[in-house]
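*Asks:* This is a predicted model, with the sequence first.
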Amino acid sequence: MISIVWAIVFILLAPVAGGLVAGIDRRITARMQGRYGPPILQPFYDVGKLFEKEHIVVNETQIFYVICYFIFMVFTGALFFSGADLLLTIFSLTLAQIFLVLGAYVTYSPYSHIGAERELIQIMAYEPMVILAAVGMFVVTKSFNVSDIASSTIPVVLFIPGIFLGFLYVLTIKLRKSPFDISTSHHAHQEIVKGITTEFSGPSLGLIEVAHWYETIFLLGFVYLFFGFNPVLAIIAITVVYLLEILIDNTNARVKWQLALKSSWAIAATFGVVNLGVLYLTGV
Amino acid sequence: MEIVQLLLFLILFPLIPAVFMLLVGKDTERNWIVKLSALGIGAVLVYLLVTGSNKGTLYYAIGSEPIGLVMFAIEMAIAVFILYMGLRYRNSLVVALIVLQTMIMIAFEAMYAGKVEVQYNLFIDQFSIIMALIIGIIGSLICVYALGYMKHFHEHHPSCLDRRNQFFCILFVFIAAMFGLVFSNNIVWVYFFWEITTLSSFLLIGYTKTDEAIANSFTALWMNLIGGVAFSVAILSLATLGGGMMGLDQLLASGKVIALIPAALIGFAGLTKAAQLPFSSWLVGAMVAPTPVSALLHSSTMVKAGVYIIVRLAPIFQGTFSGYALAFVGAITFLLASGIAISQTNAKRVLAYSTIANLGLVVACAGIGTYEAIWAAILLIIFHAISKSLLFMAVGTAEHHIFSRDIENMHGLINRMPRVAAMMVIGIAGMFLAPFGMLISKWVAIRAFIDAPLGFVFVIILAFGSAITVFFWAKWMGKIISVTPDSENIEGKVDRSEWMTLVSLAGLSIITTFIFPLISTFLVEPFLLRNYGATAQLGQYNIIIMIMMLILLVVLPLSVLLPHKKHKHVMPYMGGRQTTPDMRFSGSLGIRRQMELSNYYLENIFGEKKLKPLGTYLCAAIIVIMLAGAFATGAFL
């Protein structure tokens, strides 16, 4: 049931795949903005350079939290790809995320403090929907195990279309895309400087970047679960979903956290209740 | 030794130190007696665990008379005392309630007590053992903590009359009553111990005798008396409609229809004691009492008595309309109390609302009443007791050093009071992070809800509530661990008895997470198998994964000890502004300001003023529906 091989494959290849996705993302974004854009491998050059830089910190403990963030993010993805329990994977993701938030808190810096608070609001915004997505998958496939859901022949997405749409909504938060790049942004600068990552530089920032690559691959894997009955369709769906996220990123202005929280919750509550309610009434 | 002797020992033994506490004159005498009593209770509990946990349910026929008469006499004495207090402080509500309750009990005693046949007055099963361990171990640790705390308390509050003798006496009576409550099979006995816990909490909350303390102790009293009235009506209905069926075992075996009305009434009493909405304010108000009282009320006694009785009666509720209504009260309380916790800056109020929320989850599980849900409920009771008592006492100790219980004043606690802050961080992590106990329990609850009919509604509530929980715990944790420029170690000497308790509880919260599979296998699962014919388990892989996470979490902090090269240090980025090393900068008009950071409390969304009235009306309405449903079912069938 648990496949160590897949976990190892994830640990080794996810940063490569995640970096490539980031590179392609930047290129497409540039084209949408009428620019030529950097080479596809640019994210790797950037991270490589970050690791060469001097390690400047506000205090020593922040490095500890970033390392914990990284380890648990890798752990989360490895759990997921090994086919473990989906809820446990989600809780592990929260744990990883909390370490990043704590890393920002320890610096006692105004910008990263606001970033940390906003990151927590984002966690609060997306988590119900992600849990409901796992629950929806359980109702359809009768299992919480990623391995069972992924190999299920049931067209999951047809049973939980509402939950799928809701998940796409919060995926924007998780991928740190506009309009929900509230706590920190991929783009050069925002009203709170670099938000949660303001006080991280050099190797620490590099580690955060690589952790985000891991996270991206994990999240795209999550999208796969909706389409596990047909792997080809799943790959197409993942591509379309990511392109859609880039489009949304480039066509929307950042919103306030109030709107991000309320809209995510409204969507999770409506789509969750309606979708799970219909499944319950139809006896699936 | 016979197990029944152990039960009697646990119920009666705490009364001995209770009497001694009234007599002692010196601190050292008190210290010795409390510590030895704690050891004695702990040793007997371990013996009980070893000998009693594999024996299933055991019933003991202890002669009802003259114990019944003695209990009745004590009840009457308590009633007279409460009546006196009600008259003295002119609280007509309390007077009315106690008169009503006493009249019901006198009527019962005069007309029906003779006809009541209870074969077994005492009993024990794995659930009782779990409760006894929580009461005994955590309760004793709190008593030990109180030794140091109360000494400092009176140093800091010279205006408060030193009545420590009474204080410690009540603590032990409280613990004895809790033991009695979880070992009694006779519902009249349960009621007797129930009333003692009401009285004890009333006296403890009012300990400082300030106006606020007295007002809050009366709030606690009248709310719990409402529960007491409901409980006495339940007894009366058992005596009349139930044909004198007065044993918990008989009630559970009698079939749902007959049992539903008394169960709903006792369940209602449980809601008042467990401080569910609309009865939450007594527990929030109870924090005016010294910290050991809060720790005791929130973790091992009082509120746990409320959820204990509801979980006991869960088989009756399962699948009934009233059961669902009960579960809804719990679920809504969980959601709204978690939300209110976000808006609170006072650490003790955050803890209080978090307690109310978690008890709500227990009630929701019990109302659903499937074996999986009960499994989740029992795990929640265990883990909540440990983490919450740890947190209360860590906050209490910190308060005596920083002279504030406001979370905003806890910034940089990791440097100012490193050891206490570490305990606090462990406590907070235990409340909401994987792989610690509370999160395991919530996970189990999600699975339990999904499998229950209409459970998806509860799953959705739980998903939102748990996301809210993450927010208020994480921001508090961030406050504690942030490294502030003005930090200077002020920890000094933490009192040894306080320190011992904090370390024991922090250790317990980590150890119970490690051995949680064993607790489940040897205590919870046998209980479920016997009462529900089925049991829940976590898969082996999941347990391995959680143990891996826990090991990582224990090992990673040690990496700080590894030799590493010093990095270049800079000041936090201040938008390019000139800043001094202690983070002062020139503000507008050239005024020198210090940089200060404070957390988000989202008052506009989660404010107490917004959510509490909503919860009060909603839950009150559902409770009325629940009772009406029970009476309707009882009347029709």
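*Replies:* Cool, the structure landed.
*Asks:* ok, now which ones touch residue 53?
*Replies:* I'll assume chain A. A:201-203 (CB atoms under 8 Å, 6 or more residues apart in numbering or on different chains). No exception for glycine: its C-beta is placed from N, CA and C like everyone else's.
*Asks:* my bad, the chain I had in mind was chain B
*Replies:* So B:Ser53 contacts B:126, B:129, B:522-523, B:526 (CB under 8 Å, 6+ apart).
*Asks:* Any idea how far apart the tips of stretch B:291-302 sit?
*Replies:* 15 Å (CA to CA, to the nearest Å).
*Asks:* Then stretch B:507-524?
*Replies:* Stretch B:507-524 end-to-end distance (CA to CA) = 22 Å.
*Asks:* What lies in contact with that stretch?
*Replies:* By CB under 8 Å, 6+ apart, stretch B:507-524 touches B:53-54, B:126-127, B:129-130, B:137, B:375, B:378-379, B:382-383, B:386-387, B:390, B:426-427, B:430, B:435-437, B:440, B:535, B:537-538, B:543, B:546-547, B:550, B:554.
*Asks:* which among the residues you listed end up buried?
*Replies:* The neighbour-count criterion (16 or more other CB atoms under 10 Å in any protein chain shown) marks B:53, B:126-127, B:129-130, B:137, B:375, B:378-379, B:382-383, B:386-387, B:390, B:426-427, B:430, B:435-437, B:440, B:535, B:537-538, B:543, B:546, B:550 among the contacts of stretch B:507-524 as buried.
*Asks:* Please indicate which of the contacts of A:Lys53 are buried?
*Replies:* A:201-203.
*Asks:* Among these, which lie within helices?
*Replies:* A:202-203 (DSSP state H).
*Asks:* Of the buried ones among the contacts of A:Lys53, which is the nearest to A:Phe218?
*Replies:* Distance to A:Phe218 across the buried ones among the contacts of A:Lys53 (CB to CB) is lowest for A:Pro203, with 22.4 Å.
*Asks:* Pipe the contacts of B:Ser53 into a markdown table and attach secondary structure per row.
*Replies:* Formatted as a markdown table, these follow (DSSP: H, G, I helix; E, B strand; the rest coil):
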| residue | secondary structure |
| --- | --- |
| B:Gln126 | helix |
| B:Ile129 | helix |
| B:Phe522 | helix |
| B:Leu523 | helix |
| B:Pro526 | helix |
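*Asks:* May I see these arranged in CSV, with distance to B:Ile187 and pLDDT as well?
*Replies:* Output for these, formatted as CSV (distance: CB to CB, whole Å; pLDDT from 0 to 100):
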residue, distance to B:Ile187, pLDDT
B:Gln126, 21, 93
B:Ile129, 20, 94
B:Phe522, 28, 90
B:Leu523, 24, 92
B:Pro526, 24, 91
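*Asks:* okay, those in JSON lines with distance to A:Leu13 next?
*Replies:* JSON lines is the format used below for the contacts of B:Ser53 (distance: CB to CB, whole Å):
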{"residue": "B:Gln126", "distance to A:Leu13": "48"}
{"residue": "B:Ile129", "distance to A:Leu13": "50"}
{"residue": "B:Phe522", "distance to A:Leu13": "43"}
{"residue": "B:Leu523", "distance to A:Leu13": "44"}
{"residue": "B:Pro526", "distance to A:Leu13": "46"}
